[in-house]
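> here is my input; please provide its structure:
(2 chains)
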Protein chains: 2
Amino acid sequence: MTKTRLYLYDTTLRDGQQTQGVQFSTAEKVQIAQALDALGLDYIEGGWPGANPTDSAFFESAPKTSACMTAFGMTKRSGRSAENDDVLAAVMNAGTPAVCLVGKSHDYHVTHALGISLEENTENVRASVAHIVAQGREALFDAEHFFDGYKDNPEYAVEVCRAALDAGARWVVLCDTNGGALPAEVGRIVSEVIAAGLPGDRLGIHTHNDTENAVACSLAAVDAGARQIQGTLNGLGERCGNANLTALIPTLMMKEPYASRYEVNVKPEALAGLTRISRMLDDILNRVPSKQSAYVGASAFAHKAGLHASAILKDPTTYEHIDPASVGNARIIPMSNQAGQSNLRKRLTDAGLAVEAGDPALGRILERIKLREAEGYSYDTAQASFELLARDELGQLPEFFEVKRYKVTVERRKNKYNKMVSLSEAVVVVKVDGEKKLSVSESLDESGSDRGPVNALAKALAKDLGQYSQILSDMRLVDFKVRITQGGTEAVTRVIIDSEDGQGRRWSTVGVSANIIDASFEALLDAIQWKLVNDCAPQSAAAE
Amino acid sequence: MTKTRLYLYDTTLRDGQQTQGVQFSTAEKVQIAQALDALGLDYIEGGWPGANPTDSAFFESAPKTSACMTAFGMTKRSGRSAENDDVLAAVMNAGTPAVCLVGKSHDYHVTHALGISLEENTENVRASVAHIVAQGREALFDAEHFFDGYKDNPEYAVEVCRAALDAGARWVVLCDTNGGALPAEVGRIVSEVIAAGLPGDRLGIHTHNDTENAVACSLAAVDAGARQIQGTLNGLGERCGNANLTALIPTLMMKEPYASRYEVNVKPEALAGLTRISRMLDDILNRVPSKQSAYVGASAFAHKAGLHASAILKDPTTYEHIDPASVGNARIIPMSNQAGQSNLRKRLTDAGLAVEAGDPALGRILERIKLREAEGYSYDTAQASFELLARDELGQLPEFFEVKRYKVTVERRKNKYNKMVSLSEAVVVVKVDGEKKLSVSESLDESGSDRGPVNALAKALAKDLGQYSQILSDMRLVDFKVRITQGGTEAVTRVIIDSEDGQGRRWSTVGVSANIIDASFEALLDAIQWKLVNDCAPQSAAAE
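Numbers count the residues shown, from 1 in each chain, chains lettered A, B, ... in the order given. The predicted structure is shown next:
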């Protein structure tokens, strides 16, 4: 049986940027576009050139993609020709192979928001699409508020879409702009408009998640015959977000009846990178990834219920609807249940720490993790701190040095040019190989800019550690994440530090305290200890 | 037209507790049960008595509810009678008016996971349900893996359900245990089993969100004739979560065709408390509420796109599918570089700053916001800092005082009991009313615990500001959020501080710097300025 081709249209860089609190830089847009292209998306909507400086800059430096790069804009305004509309001109000037214009298809919006006649609006749509086509570009028309419009005035909603198609639009995209349409309704209306003569293989669907049905509405539209799906990575987007491509793509590729009936341009090898791409986007946004996300969430294949966990050990298909590896995700059996100890042993073995089943240290490690987590620590990502904790319980953690005290000063005052400047200075006192050492560093980088107190502290701490300084010389702090969280009854600060070294290793450590400097210092100490544990010859460590 | 009654069954306290990282205390379970009861749920599944000490304790101290309190368990095991199964006895002993037992309906699970014959499993279900009914309780049967079972062996899946109904179960709940079923499939199968003789008004639906379709699958089951819906608040639950009642309830009550066809026990006044209940649950879990949640998310009615925001000002129904107040939520028009001037004017008017349309200050304010956002600032939430910025451009920001310099010291060393302790000290030098003032504070709270350098700085800054100190005396810092973000090409720290005063006002301010202390200080300064702007008599401000 020949499969029907479905086209995937990503609008992470445009509608996704309408998410409250999201503002991509040009460099971030380039990075996301490259990931979308590698995944196999058919279209990438890069933004609205002219409406936003970052969007204009993105199109100037847009990466070469196999995906069809698309500029977004709106249909020409009344009272001028498409050729003379400067807003439309800015969109065309981005030079993309495809252009997608949004226009009204709901009569109420035409007469009340635009204040023009229905005929004039139809003509604006027609002329705008014709203009794109005349310039040799592929034209797409986003029919705004299509479903509400169809419910109020089906003839007019269809007429606007037909005008766009007649003018040469490759796709007319039926948009549920306010997110209020429900799946059964979307399915029924798409069926009706196809019956009314709009060709399904030129119809797209664009939904929002205001009732938590954006994915289902997209599937209902496909069931009814639409052949293009618009959505975003991780369901970013205006208000509650757009249809989540991160959930839709695996469903279309792996779940029936979609897998047998349809094909998309995403290859199974690319699908196996989906979890990584989803996390990369969260990294860019500095968001904590949602653990419960379909397919890619850290909990998506976590089996906490005791009954489930033990059945999974017999046969994973009993409680997993797909293989987690197919989307680059992994099964988790949390340590909070009976499977905890075998799970812990697996994690320790992965870290090169072989422990026999039944070793009482396993119970002690689990207990200590539980206590620390109650204080605000988190070992999900801070693998290096987890290893140090385990080594300590296993009696395999040498004391390389001891911090006796430290002091950090942050000062802000006028400099000799009468400008307010900041400077931090850190003093750290350590005892190493029986010798007391005082080190001091300040927070200025090579360009003379203040990098803050944690930077000063990191430099002072690593500055003179005797025999160990050489080992630490290729280590650097590459990321620093701060969260306010609950530790017991008080709000505390959790700091996660990512470090890197010359061997290309990267490791994460955690510190927690009501005092952000203390929390940072603790994470720094762990980072240094982990490096020493891994790079010191065993005999020197044993000599401690 | 008579409406058909739908029954809502909440399993937040049982399946919701299977969420990775979630473990309710007994007191928290009581608090959640009371909120569910006030909302108008029909059933509250309180947990599995005997399987978990917290669950057993909850049933011992369960609050009196109008909702039918339900204990969860599993059908009796083979080789013993229902009366002699100690696991089942523990469930019965909780003494709830209703008991819900899960059992197998998928033949593969019966023969492979349980290792018993299909007949024996059916008999276990029948006998267990009969036992509950004989004890005078209402019986519910959760048919585990029903949809997968039906696809493999429809006769057997239906036979198990029929056995439960024949034995007197009030409800048979069709469970999509691994979350793999899709909406169209759920709709088709529910229609088929009703056609096969299972009565729809005794069928429930229990779905999971593994493909992001749990809500849509529940609606599809209702469309097909099921009359009970199981779900959780905020979509908590095993793996990707259960069907989200926080999204389903408003849809059933306010969206067509559901609102006209069906009725639930939730009253409109209770629905208006939905956002509060959702946030309360996040508070209990110490989670940051998801901004993009359908209906109740902080962004659910946030209109960031310039086009949308200006239309909303004319007529909210243009871009809102329901009235935000009906679920206790509110409209937000955030500031961002995509916002238009009309959006800005509305936000200024809300803040008591009337500006004429076309005032050139509007363009200057937008420009300055754009520049600041490029540096890493964010004004989506920091409304107070936004107002100060606007006032500055409008010439309406008095200079109450000037900070000449500050210095903060963080020190960690051994105290006299040889224990490592931290202490921060801050010195702030300000010029107020022509007079230079030096203030010093330390970071210890009333109990002698170190609260860190930002706390010391806040105290020193507010300590002596001449005539203004009195005004600031009822102000306190209530939240502190830190994010590492991009400012130009460098990583910078963004700090958002929430403050509160004796009048119950709460306001948010932002600071950005590579130095976390500087960023915090800037946000603190804005917090104080905003309070002074709002509380100083106009003449005293004008006198500056």
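> which residues does the residue nearest to A:Ala491 when sequence neighbours are not counted contact?
What sits nearest to A:Ala491 in space, not counting adjacent residues and going by CB to CB, 6 or more residues apart in numbering or on different chains, is A:Ile484, at 5.6 Å. Every C-beta, even on glycine, is put in place using the N, C-alpha and C of the backbone. For A:Ile484, the contacting residues are A:491-494, B:479-482, by CB atoms under 8 Å, 6 or more residues apart in numbering or on different chains.
> give the contact list for A:Ile249.
A:8, A:39, A:264, A:266, A:271, A:274.
> what does A:Asn455 give?
A:424, A:443, A:445, A:477.
> what number of residues are in the vicinity of the second one?
The criterion is other CB atoms under 10 Å in any protein chain shown. On that basis, A:Ser443 has 25 neighbouring residues.
> restrict stretch A:471-479 to CA atoms and write it as CSV.
C-alpha atoms of stretch A:471-479 as CSV (Å, rounded to 0.1, in the frame of the first residue of the first chain):
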residue,chain,number,x,y,z
ILE,A,471,45.8,18.5,37.5
LEU,A,472,43.2,21.3,37.8
SER,A,473,44.9,23.6,35.3
ASP,A,474,42.7,22.4,32.3
MET,A,475,39.4,22.7,34.1
ARG,A,476,36.9,25.4,33.6
LEU,A,477,33.4,26.4,34.7
VAL,A,478,31.1,26.3,31.7
ASP,A,479,27.6,26.7,33.1
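> does chain B have contacts with it?
Yes: counting by CB under 8 Å from any CB of the partner chain, chain B is contacted by stretch A:471-479 at A:Asp479.
> and that stretch, what's its mean pLDDT?
Taken as a whole, stretch A:471-479 has a mean pLDDT of 87.
> stretch A:13-23 too?
90.
> just the buried ones among the contacts of A:Ile249, please.
Buried subset of the contacts of A:Ile249 (neighbour count, 16 or more other CB atoms under 10 Å in any protein chain shown): A:8, A:39, A:264, A:266, A:271, A:274.
> quick one: contacts for the fourth one?
What it means is A:Val266. By CB under 8 Å, 6+ apart, A:Val266 lies in contact with A:8, A:39-41, A:249, A:253.
> could you work out the most separated pair of those?
A:Leu41 and A:Met253 (13.2 Å; CB to CB).
> between those two, point out the one with more neighbours.
In this view A:Leu41 and A:Met253 are compared by other CB under 10 Å, and A:Leu41 has more residues nearby, 28 against 21.
> and the more buried one, how far from chain B?
Relative to chain B, A:Leu41 is positioned 18 Å away (CB to the nearest CB, to the nearest Å).
> equivalent analysis for A:Leu101, please.
13 Å.
> just checking, that residue touches A:Ala143?
No: in this structure A:Leu101 lies outside contact range of A:Ala143 using CB atoms under 8 Å: 10.4 Å.
> quick one, which of these two is more surrounded?
A:Ala143 (28 against 25).
> okay, and the beta partners of the more buried one?
Beta bridges link A:Ala143 to A:Gly103, A:Leu174 when assigned by DSSP bridges.
> how close does it sit to A:Ala157?
7 Å (CB to CB, to the nearest Å).
> between those two, which contacts overlap?
A:105, A:149.
> which single residue of the stretch 1-150 of chain A ends up nearest chain B?
A:Gln20 (4.2 Å; CB to the nearest CB).
> ok, and the closest non-adjacent residue to that residue?
B:Ser299 (4.2 Å).
> do I have it right that A:Met280 meets A:Gln34?
No: with contact defined as CB under 8 Å, A:Met280 does not reach A:Gln34; the gap is 10.3 Å.
> so what sits against both of those two?
Joint contacts of A:Met280 and A:Gln34 (CB under 8 Å, 6+ apart) do not exist.
> can you name the residues of the stretch 351-500 of chain A that neighbour chain B?
A:404-414, A:422, A:424, A:443, A:449-454, A:479-486, A:490-491, A:493.
> in strands only, show me those residues.
Judged by DSSP state E, these include A:404-414, A:422, A:424, A:479-486, A:490-491, A:493 as members of strands.
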